[in-house]
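Engineer: just the structure for this:
(one chain, ligands or ions: 1)
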Amino acid sequence: MSGFRIALMQTRPVLGELEVNLSLMRELAAPHAADLFVYPELATTGYALTDFANARAQAEEPAGGSGLEFLQELAEEKSAAVIAGLPLHERGALFNASALLRPGMAPVFYRKLHLFYREKDLFTPGDRPPEVWEWRGLKLGMMICYDWVYPETARIMAHDGADLIVHPANLVLSHCQRAMVTRSLENGVFTATVNRIGEERYPGEDPLVFTGGSQVTTPRGELTVSLPVAETAVRVVEIDPAQARGKSLTTRNHLFADRRADIYGDPLPDRDG
Ligand code: ACM
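Structural biologist: From the prediction side, this is the model:
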């Protein structure tokens, strides 16, 4: 297959303003064409949610909700896949989730495994491993923001055949963008980190300053693009998924075959067995 175009949609959501945020997402996408549009973590609601009932009122249900309807429409209009972070209400709990919408297909979700700071007051940590899905010949998995600190998250998806790890984020620490180069190299995959900009504040606390700098990294450890740290921005990046399909570093080194699970004691899940 030839190039696969990823649109990095670096937004500034307004806390608690679902309709405003959906309009902003549509407006930003309007002039662009891509195979996949990616928005940040909690792009529909903003980040510093504290109250369960209030967050629940803005959350999506797996079977639908105004945010999911909007994202599905966008996918159909653009004839593209769309990924966005959103709160997901399911089984009486709230998950910090990302949704993948594809034209003519039901939405699928990833529920954030590693919750950051006060997310722990509101959200339930994800209770299932990240999965790999297919779109236009490309295999992709999703993780969310602070999941970057746990290399196992990306490793599982790469082992399951992901070419691209899509990473909606609301980053407030300064290390992630550099660390994602390593996630790419050690797994032989592309990563697309899509971060937000702006500030939000939990009541009585110092502001959280989101660091922008959305980017795509390649299986060879290159940084193809880095968006501004404090501006809303869109960039379409074309990747060649074939670059993620060979996992050999030298004629004697294979990224996965050389693993020493016998020493680590952490065999990766066997999906076939
Ligand atoms: C984060 O996980 N939103 C820092």
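Engineer: which positions in the stretch 1-150 of the chain make contact with the ligand?
Structural biologist: Taking Cβ under 6 Å from any ligand atom, the part of the stretch 1-150 of the chain that reaches the ligand is made up of 41, 116, 145-146. Glycine gets a C-beta too; all of them are placed from N, C-alpha and C.
Engineer: between those residues, which has the most around it?
Structural biologist: Taking other Cβ atoms under 10 Å as the neighbour criterion, C145 ranks highest of these with 29 neighbours.
Engineer: isn't that one right up against Q177?
Structural biologist: No - counting by Cβ atoms under 8 Å, Q177 is not a contact partner of C145; they are 11.9 Å apart.
Engineer: joint contacts of these two?
Structural biologist: Shared contacts of C145 and Q177 (Cβ atoms under 8 Å, 6 or more residues apart in numbering): L171.
Engineer: just say helix, strand or coil for the residue of the stretch 151-273 of the chain found nearest the ligand.
Structural biologist: Per Cβ to the nearest ligand atom, N170 is where the stretch 151-273 of the chain lies closest to the ligand, at 4.0 Å. Per DSSP: H, G, I helix; E, B strand; the rest coil, the local secondary structure of N170 is coil.
Engineer: so it makes contact with N195?
Structural biologist: Yes - counting by Cβ under 8 Å, N170 does reach N195; the two are 7.0 Å apart.
Engineer: who touches both of the two?
Structural biologist: Jointly contacting N170 and N195 under the rule Cβ under 8 Å, 6+ apart are 40, 210.
Engineer: ok, back up a step: mind putting the residues of the stretch 1-150 of the chain next to the ligand into a markdown table with pLDDT and secondary structure?
Structural biologist: Shown next, in a markdown table, are those (pLDDT from 0 to 100; DSSP: H, G, I helix; E, B strand; the rest coil):
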| residue | pLDDT | secondary structure |
| --- | --- | --- |
| E41 | 98 | coil |
| F116 | 98 | coil |
| C145 | 98 | helix |
| Y146 | 98 | helix |
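Engineer: and which of those residues is nearest P87?
Structural biologist: Closest to P87 out of those is E41 (10.2 Å), distances taken as Cβ to Cβ.
Engineer: so what's the closest one closest to, chain neighbours aside?
Structural biologist: Using Cβ to Cβ, 6 or more residues apart in numbering and skipping residues adjacent in sequence, the residue nearest E41 is G85, 3.6 Å away.
Engineer: next one: H89
Structural biologist: In space, and not counting its chain neighbours, H89 is closest to A59: 4.0 Å by Cβ to Cβ, 6+ apart.
Engineer: need the pLDDT of that neighbour.
Structural biologist: For A59, the pLDDT comes out at 97.
Engineer: again with M180
Structural biologist: Predicted confidence (pLDDT) for M180: 98.
Engineer: what do you get for the one 5 residues further on?
Structural biologist: According to the predicted model, the pLDDT of L185 comes to 97.
Engineer: can you tell me the SS state at it?
Structural biologist: Per three-state DSSP, the local secondary structure of L185 is helix.
Engineer: let me see the ranges of the strands in the stretch 51-200 of the chain.
Structural biologist: Taking DSSP state E, counting those that start in this stretch as the criterion, the stretch 51-200 of the chain contains strands spanning 81-90, 93-101, 108-111, 132-135, 138-142, 164-168, 190-194, 199-200.
Engineer: okay if I get the residues of the stretch 1-150 of the chain next to the ligand as CSV plus distance to P269?
Structural biologist: Below are those laid out as CSV (distance: Cβ to Cβ, whole Å):
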residue, distance to P269
E41, 25
F116, 24
C145, 23
Y146, 22
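Engineer: just these now: which is nearest T232?
Structural biologist: Top of the list for closeness to T232, among these and by Cβ to Cβ, is E41 at 15.6 Å.
Engineer: OK, contacts around that closest one?
Structural biologist: With Cβ under 8 Å, 6+ apart, E41 has these contacts: 47, 85, 96, 98, 112, 144-145, 168-170, 196.
Engineer: dihedrals phi and psi, it?
Structural biologist: With angles defined as degrees, to the nearest 10, E41 sits at phi -60, psi 140.
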